[in-house]
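# Structure of the sequence below:
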Amino acid sequence: MKKWLIGFVLIFIALFVWMPLWMLLSGTFMGSAELSENLAPVLEGGEGNAVWPVIAQYPTLQAYVELLLDTPQFFTVFWNSCRQVIPIVLGHVFLGAPAAWAFAKFQFRGKKILYTLYIVLMLMPFQVTMVSSYLVLNKLKLIDTVWAVILPGAASTFPVFIMTRFFMAIPEEVMEAAAVDGASPLQIFLRFGIPLGASGILSAVVLGFLEYWNAMEAPQAFLKNQELWPLSLYMANITADNAGVSLIASLLTLMPPLLIFLFGQTYLEQGIISSGMKD
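Got it, this is the predicted structure:
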């Protein structure tokens, strides 16, 4: 296949991928009347098809002012997302990394059974474990608190699986040389395991942040008080009346995951290569 044809195909794919983002950005500059006219057939069940111009006909910052200055609820739900997701990601590091190191480098009774159990739990969708999780959290009186989302998320099995693969790639000779020099198992983990497995840890952090920033099932099931809802649930209430505000909120909601992904993209690529996960 000729290079120009490959380039044309890649440009077409890029335009197809970026088109929704451009529509989101251009929609933030549309006035409420223009948005209502464009989206009425979809959001209000009217006749005809929705239309979306490439550029707003009458650009305005009205929706930005309304969201950033007149909608304090947005900042509340944004903070709710931060105080739920950040502890979860920290839990992945401080709980998942030691567990992954133990699975990768230690030999103990029941290791294979326990690791298999981790994999089985990782493969289970949230809908399967929702009832049992709700019963446990309700018994602990954590329902309708942020801990109902934080604790199950921080103890997630997927980061352990990811980091175990990276730690297994660390040569045993490194541990043996450190042990000969008198380093304890904890010192080996802190001085060699974490630096050499940094790609795996950062990969788990990036994937965990992307997953829980956009999570909807757990907050909706465990949080009855809407004042505790994160951005993912706030974004679900879109009507023709607040379409402009919702589009800007969507754009601002997209920024943290996008920045996290751009920062961690290199670590993700290095981690996938070093762990052999690409196979």
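
# correct me, but residue 163 touches residue 100?
Yes - using CB atoms under 8 Å, residue 163 is in contact with residue 100, at 3.5 Å. In this view, the C-beta of every residue, glycine as well, is placed from N, C-alpha and C.

# who's more crowded, these two?
Using other CB atoms under 10 Å, the more surrounded residue of residue 163 and residue 100 is residue 163, with 31 against 27.

# tell me what the helix or strand where residue 233 lies is packed against?
In this assignment (DSSP states H and E), residue 233 forms part of helix 231-234. Applying 3 or more CB pairs under 8 Å, 6 or more residues apart in numbering; DSSP states H and E, we find helix 231-234 packed against helix 72-91, helix 217-222, helix 243-275.

# Now do it: everything it contacts.
Here helix 231-234 makes contact (CB atoms under 8 Å, 6 or more residues apart in numbering) with 73-74, 77-78, 80-81, 213-216, 219-220, 226, 249, 253.

# Average pLDDT for it, rounded please.
Here helix 231-234 scores 82 as its mean pLDDT.

# Just give me how far it sits from the chain centre.
Centroid separation for helix 231-234 versus its chain: 13 Å, with CA atoms, centre = their mean, to the nearest Å.

# send the alpha carbons of that helix over as PDB?
Extracted in PDB, the C-alpha atoms of helix 231-234 (Å, rounded to 0.1, in the frame of the first residue of the first chain):
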ATOM      1  CA  LEU A 231     -19.100  14.400  38.200                       C
ATOM      2  CA  SER A 232     -20.000  11.200  36.300                       C
ATOM      3  CA  LEU A 233     -23.500  11.300  37.800                       C
ATOM      4  CA  TYR A 234     -23.900  15.000  37.500                       C
END
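
# What residues of that helix count as buried?
231, 232, 233, 234 (16 or more other CB atoms under 10 Å).

# if I look at the last one, how far off is residue 21?
When you say that, I think you mean residue 234. Applying CB to CB, to the nearest Å, the value for residue 234 to residue 21 is 20 Å.

# Centre-most residue in the chain?
With distances taken as CA atoms, centre = their mean, residue 210 lies nearest the centre of the chain, 1.5 Å away.

# ranking the helices and strands packed on helix 231-234 by mean pLDDT, which is last?
Sorting the helices and strands packed on helix 231-234 by mean pLDDT places helix 243-275 lowest, at a mean of 74.

# Okay, now the unreliable bits of this structure?
Applying pLDDT under 70 to the chain flags the ranges 1-2, 4, 40-50, 236-241, 267-279.

# about what we covered before: can you redo the buried residues of helix 231-234 as TSV with distance to residue 184?
Shown next, in TSV, are those (distance: CB to CB, whole Å):
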residue	distance to residue 184
231	43
232	43
233	46
234	48
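
# How much space separates the closest residue to residue 193 other than its chain neighbours from residue 166?
Once flanking residues are discounted, residue 193 sits nearest to residue 101: 5.3 Å by CB to CB, 6 or more residues apart in numbering. According to CB to CB, residue 101 and residue 166 sit 10 Å apart.

# shared neighbours of the two, which are they?
Joint contacts of residue 101 and residue 166 (CB under 8 Å, 6+ apart) are residue 197.

# Give me the more crowded residue out of those two.
Set side by side, residue 101 and residue 166 show more neighbours around residue 166, with 28 against 22, by other CB under 10 Å.

# for the helices and strands packed on helix 231-234, which one sits closest to residue 53?
Checking the helices and strands packed on helix 231-234 against residue 53 by CB to CB gives helix 243-275 as the closest, at 13.9 Å.

# I'd like to check the angle between the closest one and helix 72-91, please.
In terms of direction (axes from the mean of the first three to the mean of the last three CA atoms, to 10 degrees), helix 243-275 departs from helix 72-91 by 10 degrees.

# Relative to the whole chain's centre, how far out is helix 243-275?
With CA atoms, centre = their mean, you get 8 Å for helix 243-275.

# And the nearest residue to residue 158 once chain neighbours are set aside, how far from residue 100?
Of all residues not flanking residue 158 in the chain, residue 122 sits nearest, at 5.1 Å (CB to CB, 6+ apart). Going from residue 122 to residue 100 by CB to CB gives 12 Å.
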